[in-house]
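Q: need a 3D model of the sequence below.
(chains A, B and C)
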Amino acid sequence: MAFDIAFWLLAIVSVVAALAVVTLRNIFRAALSLVLCFITVAGLYVTLSADFLAAVQILVYVGAISILLILGIMLTRDVQLGSPTNKLRFPAFLAAIVFFGTVAWAVLNTTWGISPQGPLEPTTATLAGKLFGENGYILTVEIAAVLLLAAILGAIVLVREK
Amino acid sequence: MDLGLLAPEISLAATAVAVILLDLFVERKGALAIVSVIGLMVSAAFTIAMFGDPAQVSFNGTLAVDSFALFFKLLFLGIAALVILASVDYVSKFERFQGEYHALILLSALGMLLMATATELITIYVSLELASISLYILAGFLKDPKSTESSIKYLLLGATASAVLLYGMALVFGSTGTTQLGEITQQVQALGAQGVADNPALVLGIILLIAGFGFKIAAVPFQMWVPDVYEGAPTPIVAYLSVGSKAAGFAVILRVFSSAFGLPDWLSLDWGMVFAVLAAIGMTVGNVSALPQTNIKRMFGYSSIAQAGYLMVGLAAMGVASAGETIGQSTILFFLLSYSLANLGAFIAIIAITNKIDSDLIEDFSGLFKRSPLLTLGLTLCLISLIGMPPAAGFMAKFYIFGGAAQNGLLWLVIIAVLNSVVSAFYYLRVVKVMWLGEPASVEKVPSSGALRVALTITCLGVLFVGILPGFAMKAAELAAKMFGI
Amino acid sequence: MSVGLEHYLVLSAVLFAIGLYGALAKRNTIAILLCIEIMLNAVNIAMVAFSRYVAPQLLTGHVFVIFIMAVAAAEAAVGVAIIMAIYRSKGTVDPTEIDSMKR
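A: Residues are numbered from 1 along each chain as shown, chains lettered A, B, ... in the order given. Prediction:
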């Protein structure tokens, strides 16, 4: 019961925050709404028993990515422009509605193979095994490391003055 | 865990790091290109050494080393080497960051290699992003307004496409409970017609996957980014993009759709038709839009949309073919090889030419024959291949791919494709006409570095070889088409 | 009705649709980046929900989400870098003004 209330509360706040991001004219406030959205998503992970992910969400999304985006906003502040919408407003709206409709219909009409097992708690140890242990995704971890190297190189190349 | 299977990738990553470090110590930046190419050849040697070994799956099923993967690995290594050779003059104009330029090309190639060998959704996604992010950065390397504009457009549209792709992967994961392509295959095969009706999420997931991958290969209707990105990005990177990311995209599509979804006939038939229609639209949109173009890079952008259309004819043939036949796959692989050689060759020549005349407009190519006969000849040969005329490779490529489609009952599509090839001749030949018959603006020769000439020679020889003796390449393609698990 | 898989999936679809609208309709390139992050979060919610309800002991969805977060961070970094480079050369981040290339 408490679980259900938590879900509904978090869900509504996250949707309102997301709507705020796309409708607010002040880009800085939009970024702050995005941070709120991230926090509610972390809460949703907790309701899904994904404890480690909730912590990582706060650390990475709220703690790093949001800061980076706000830094970007501060350094490229175009006060008059703000964050308006362009002429593709209506087709974009249609596309979004169509997407939502299709996915919602597909998702509600599918018989999911829901497992009778309960969630794994806590998840950290098992996740560590999945990522780094035998029969794990260690290769993918290494590829991700190279990807981060490429991103760092790119950021330096693009931002440094000639 | 068998690290030996990853030898090409590990040596490529090591080369990239070596190049970055070398940039700190070396004054003559030409050494960076040499080190990169040597590194690529070492990777290629490792790849060739693995030919003939039985197909293996390793790393918890995240990757498979089979002849399909090896074919693509060699292709990507070759493309990267040719692009590096062709950029030697271009890069010498950069004041700094030459090391990063080469490293990013190598890292992007690494991503493509991994895309071809990954058999599991998470690994496919991460490798795809490795290749893409490196390309987004490379597109903006010049840092002038046009280059950065093309880079941000590429990134924003690419990230959106990745998000759609991921949603598809989520739905597929949710419907099957696994991300391994092999296990997904088993589950999809076990579904009957009733199973599909119970699982619209799975079908929607597949559609979203197609949409996401369709972006990478510049397939209609996800091709809007192509002309602008091609026009603004540095020319060697456009060459790399047009060939590498398209081939990588097809490698993943073939693996995902053959292993996981290509099989039950009722499912295949629908996909075949969908691809056929998309192919027809793509070819027509690409060719018709290319006709009025005056900027050669933009023209090639639309041309590559059309070429993606031709490749999708092969996908359509695969879709309507009965299970077990690999004719569709092998024609696609052959076409990718021929297209890579021809498109790269054309761009290599264009790099040298636009470097000298300092303009991307076709009209400024006039009279090039008198100024630089070799470059003109090379470009002409590659353009002929792209049209699909003998004796160039493109003729055999189109012959095989359209033949495969005709054999499978898609005659209407083949007719549209042939008509499109005729239309394409107009804009390709226009460039040829301007070069051979126009009056040159000046009589200065167009300089090109030795490395670029070597690269151009290799591609042109390749085009001729594959065109005159297609059997060898076709054999390789057929071997590669017998993927692990099929 | 007790909260189940469908609730999370519909929420995920709503968030993704909102993000998609923003990515296609906004005129400020940083705003588009914000909307892409919303879309990726929506995907993450779906992944974790599937992981919890369909294959709880395997945590495959969780692993996927960790990688998506890493990639999202890298993309955001490169995106902000490019936008700063554009701002430096043009003084604006409005994509309709950063649209110099003709059809």
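Q: and B:Gln293, what are its phi and psi?
A: Phi and psi for B:Gln293, reported as degrees, to the nearest 10, are phi -70, psi 140.
Q: quick one, what contacts it?
A: When contacts are counted by C-beta atoms under 8 Å, 6 or more residues apart in numbering or on different chains, B:Gln293 touches B:299, B:302, B:362, B:427. Yep, even glycine has a C-beta here, placed from its N, CA and C like the rest.
Q: how about B:Ser442?
A: By C-beta under 8 Å, 6+ apart, the neighbours of B:Ser442 are B:Arg371.
Q: quick one: it is in a strand?
A: No - when the secondary structure is assigned by DSSP: H, G, I helix; E, B strand; the rest coil, B:Ser442 falls in coil instead of a strand.
Q: against B:Leu368, how distant is it?
A: Applying C-beta to C-beta, to the nearest Å, the value for B:Ser442 to B:Leu368 is 11 Å.
Q: which positions in stretch B:347-364 come out as buried?
A: Residues of stretch B:347-364 classed as buried by neighbour count (16 or more other C-beta atoms under 10 Å in any protein chain shown): B:347-357, B:360, B:362, B:364.
Q: now these as a markdown table including secondary structure, pLDDT and distance to chain C?
A: Rendered in a markdown table, the data for the buried residues of stretch B:347-364 read as follows (DSSP: H, G, I helix; E, B strand; the rest coil; pLDDT from 0 to 100; distance: C-beta to the nearest C-beta, whole Å):
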| residue | secondary structure | pLDDT | distance to chain C |
| --- | --- | --- | --- |
| B:Phe347 | helix | 91 | 19 |
| B:Ile348 | helix | 90 | 23 |
| B:Ala349 | helix | 89 | 23 |
| B:Ile350 | helix | 89 | 18 |
| B:Ile351 | helix | 88 | 20 |
| B:Ala352 | helix | 86 | 23 |
| B:Ile353 | helix | 85 | 21 |
| B:Thr354 | helix | 84 | 16 |
| B:Asn355 | helix | 81 | 20 |
| B:Lys356 | helix | 79 | 23 |
| B:Ile357 | helix | 79 | 20 |
| B:Asp360 | coil | 81 | 11 |
| B:Ile362 | helix | 82 | 15 |
| B:Asp364 | helix | 80 | 17 |
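Q: identify the farthest-apart pair in those residues.
A: Using C-beta to C-beta, the buried residues of stretch B:347-364 reach their maximum pairwise distance at B:Ile348 and B:Asp364, which is 18.0 Å.
Q: what about B:Lys143, neighbour count?
A: B:Lys143 is flanked by 20 other residues according to other C-beta atoms under 10 Å in any protein chain shown.
Q: so it versus chain A, what's the distance?
A: Going from B:Lys143 to chain A by C-beta to the nearest C-beta, to the nearest Å gives 7 Å.
Q: secondary structure class for that residue?
A: Once three-state DSSP is applied, B:Lys143 turns out coil.
Q: that one reaches A:Leu158, doesn't it?
A: Yes - proximity of B:Lys143 to A:Leu158 meets the contact threshold set by C-beta atoms under 8 Å, at 6.9 Å.
Q: before we move on, which element is B:Asn287 in?
A: helix B:265-290 (DSSP states H and E).
Q: same for the helix or strand just after that helix, what does it pack against?
A: On the C-terminal side of helix B:265-290, the closest following helix or strand by DSSP H and E is helix B:296-320. Judged by 3 or more C-beta pairs under 8 Å, 6 or more residues apart in numbering or on different chains; DSSP states H and E, helix B:296-320 is in contact with helix B:225-232, helix B:235-240, helix B:246-254, helix B:265-290, helix B:327-357, helix B:393-407, helix B:411-437.
Q: next, the angle from helix B:296-320 to helix B:393-407.
A: When axes from the mean of the first three to the mean of the last three C-alpha atoms, to 10 degrees is applied, the directions of helix B:296-320 and helix B:393-407 differ by 30 degrees.
Q: need the helices and strands packed on helix B:296-320 in TSV (columns: distance to B:Ile48).
A: Output for the helices and strands packed on helix B:296-320, formatted as TSV (distance: least, C-beta to C-beta, whole Å):
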stretch	distance to B:Ile48
helix B:225-232	32
helix B:235-240	22
helix B:246-254	18
helix B:265-290	33
helix B:327-357	16
helix B:393-407	21
helix B:411-437	34
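Q: related to what we said a few turns ago, anything in contact with each of B:Lys143 and A:Leu158?
A: Taking C-beta under 8 Å, 6+ apart as the contact criterion, the residues that touch both B:Lys143 and A:Leu158 are C:Ala85.
Q: helices or strands next to the longest helix belonging to chain C in the packing?
A: What stands out as the longest helix in chain C, according to DSSP state H, is helix C:60-90. With contacts defined as 3+ C-beta pairs under 8 Å, 6+ apart, the packing partners of helix C:60-90 are helix A:51-56, helix A:66-75, helix A:124-132, helix A:138-159, helix B:121-139, helix B:145-176, helix C:29-54.
Q: how about B:Ile305: what's its closest non-neighbour residue?
A: Beyond its immediate neighbours in the sequence, the residue positioned closest to B:Ile305 (C-beta to C-beta, 6 or more residues apart in numbering or on different chains) is B:Gly286, lying 3.5 Å away.
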